[in-house]
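Asker: Show me the folded form of this:
(one chain, ligands or ions: 1)
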Amino acid sequence: ETGQQVTAAISLEVDDAAMVARVACRFTCAACGEGYHDDFKPPAIAGRCDRCGGAAFTRRADDTAETVAARLAAYHAQTAPLIAHYRRRGVLETIDAMQPIDVVADNLGRIVVPGTA
Ligand SMILES: [Zn+2]
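Answerer: Coordinates of the predicted model:
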């Protein structure tokens with residue numbers, strides 16, 4: 001305990017199943033590193049990188065549904081008590097992180113950018 005007062009906390013609210021799907025379906029071009037997603041951003045031509053034409057793709061070993069689910073479980077175990085604590089103190093801002101990414105970023109920016117609070 002540093003003695004510092006937490007004056008604001010942010011909770012990103014996500015649906016676990018959707019989060020697992022989001023993360024576990026990512027892959028990247030092995031040649032140029034371009035990022036793709038099975039559902040949200042597949043290559044225009046299946047199996048062919050849009051940017052460099054490469055045909056080899058990699059998936060991060062830690063992006064499997066199992067590891068993402070494990071990370072979420074750890075998150076809930078460690079973070080849920082904090083969220084309840086900050087909510088009781090009235091300093092918790094919640095953001096629906098299932099919205100489009102630019103909307104989430106916008107909401108985050110409004111909360112954390114100095115001078116706008
Ligand atoms: Zn590529």
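
Asker: and the spatially closest residue to residue 15 that is not a sequence neighbour, helix, strand or coil?
Answerer: Nearest non-adjacent residue to residue 15, counting by Cβ to Cβ, 6 or more residues apart in numbering: residue 98, 5.7 Å away. Where C-beta positions appear, they are placed from N, C-alpha and C, glycine not excepted. Following DSSP: H, G, I helix; E, B strand; the rest coil, residue 98 is assigned to coil.

Asker: which phi and psi does residue 98 have?
Answerer: Backbone torsions of residue 98, given as degrees, to the nearest 10, read phi -90, psi 0.

Asker: is it true that it touches residue 17?
Answerer: No - between residue 98 and residue 17 there is no contact under Cβ atoms under 8 Å: 10.7 Å.

Asker: more neighbours, the two?
Answerer: residue 98 (14 against 11; other Cβ atoms under 10 Å).

Asker: The more buried one and residue 77, how far apart?
Answerer: 21 Å (Cβ to Cβ, to the nearest Å).

Asker: Please apply the same query to residue 107.
Answerer: 26 Å.

Asker: same check, this time on residue 46
Answerer: For residue 46 relative to residue 77 (Cβ to Cβ), the value is 39 Å.

Asker: what's the answer for residue 21, then?
Answerer: Distance, residue 21 to residue 77, by Cβ to Cβ: 21 Å.

Asker: One more: residue 13?
Answerer: From residue 13 to residue 77 the distance is 17 Å (Cβ to Cβ).

Asker: try residue 111
Answerer: Separation of residue 111 from residue 77 (Cβ to Cβ): 25 Å.

Asker: got it, and residue 11?
Answerer: Look at residue 11 and residue 77: by Cβ to Cβ, they are 15 Å apart.

Asker: returning to that earlier point: residue 107 and residue 77: who's more crowded?
Answerer: Higher neighbour count among residue 107 and residue 77: residue 107, with 18 against 9, using other Cβ under 10 Å.
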